[in-house]
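**Q** let's see this in three dimensions:
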Amino acid sequence: MGMKASSSSVCRAFRASLTILVLALLLGTGATRALAGNVLERFLPEVAASDLVPGATGYGAIREDMPVAPVLKNGERIAWAYITTDFVSTIGYSGKPIHVLVAVDDDATIVGAELVEQSEPIILIGIPNSEMVELTEGYVGTDLAREATERGTAHELEIISGATVTVMVMDDSILRSGVKVARALGLGGLPRPRTPARRSRSPPKPRWPPTG
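**A** Model (predicted):
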C-alpha cells in the first residue's frame, strides 16, 4: 500500500509540473507576440521605398487602425506596404518567423516584395540567401484578387530543392497576408471583411479565402 501511494503521489507531482511547464510556454509565447507589437515599425526604416517599389520616393505614416503604410511617389500614394508577420503567423523550419515586406497597389497586385529577415538554416545545406531573396521578389505581379477567387492556386509555386518547407511557408504567408490586407483596404474589388484585419495567432495553415 505504501509503495502504491508513493507512486500515485509521484505521478500527480509529475502531471502538475508538466501542466506548469506547458502554461509557462504558452504565456511566454503570448508575451513574445505582445512585445513584437507592430513589426512594420521595426523594418520599414530599413528598406528604401524605391527599393521596394521602383519609382517610389518615400513612405507615409503607418495607419493607427492597422499596420500598413502608404508608399508614395512625389506625395501621391501608389501602394500600401506591410509586413507579412503583422497579419499571419509565419514560422519557418527554424521555428522562427520569416519577415517579408510587401507592397500592394489599388488593383490588389503585389508591386514589391523584400525578404527582410529570416533564420532558416539554408546556408548549411548550400542554398545562398540570394536565392531566397530572388524567390521573394518573384511575387511581384501576383494578382491577389485572383488568388482569393482561386483559393491560392492562381500562381505557380516555385520550389527550391532542400528548402521546401521554407518556400511553402513563405508562399502561404505572402498570399494569405496579402489577401487580408487587400480585403481590409477594399483593393481590387475584394469585399471588406466584417472584422478588422489582424494577425492570426495560429500556425500558418492554407485557408482560402482568408477571413478578416
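
**Q** what bits of this structure have low per-residue confidence?
**A** Scanning the chain for pLDDT under 70 picks out the ranges 1-37, 119-125, 151-163, 194-212.

**Q** can you pull out the strands in it?
**A** Across the chain, reading from the start of the chain, the strands by DSSP state E fall at 58-59, 69-73, 76-83, 99-104, 110-117.

**Q** endpoint to endpoint, stretch 113-130 covers what distance?
**A** Criterion C-alpha to C-alpha, to the nearest Å; first-to-last residue distance in stretch 113-130 is 14 Å.

**Q** renumber starting at 590 from here on
**A** Understood, numbering begins at 590; the last thing we discussed is stretch 702-719.

**Q** residue 759 contacts residue 688, correct?
**A** No: with contacts counted by C-beta atoms under 8 Å, residue 759 stays clear of residue 688, the gap being 10.3 Å. Bear in mind the C-beta positions are built from the backbone N, C-alpha and C, glycine included.

**Q** out of those two, which sits in the busier spot?
**A** Comparing residue 759 with residue 688 by neighbour count (other C-beta atoms under 10 Å), the higher total belongs to residue 759, at 25 against 21.

**Q** ok, the closest residue to that one other than its chain neighbours - how many residues close by?
**A** For residue 759, ignoring the flanking residues on the chain, the nearest one in space by C-beta to C-beta, 6 or more residues apart in numbering is residue 687 at 5.8 Å. The number of residues packed around residue 687, counting by other C-beta under 10 Å, is 25.

**Q** check residue 683 too.
**A** The local packing count at residue 683 equals 14, with neighbours defined by other C-beta under 10 Å.

**Q** could you do residue 782 as well?
**A** For residue 782, the count of nearby residues is 15 (other C-beta under 10 Å).
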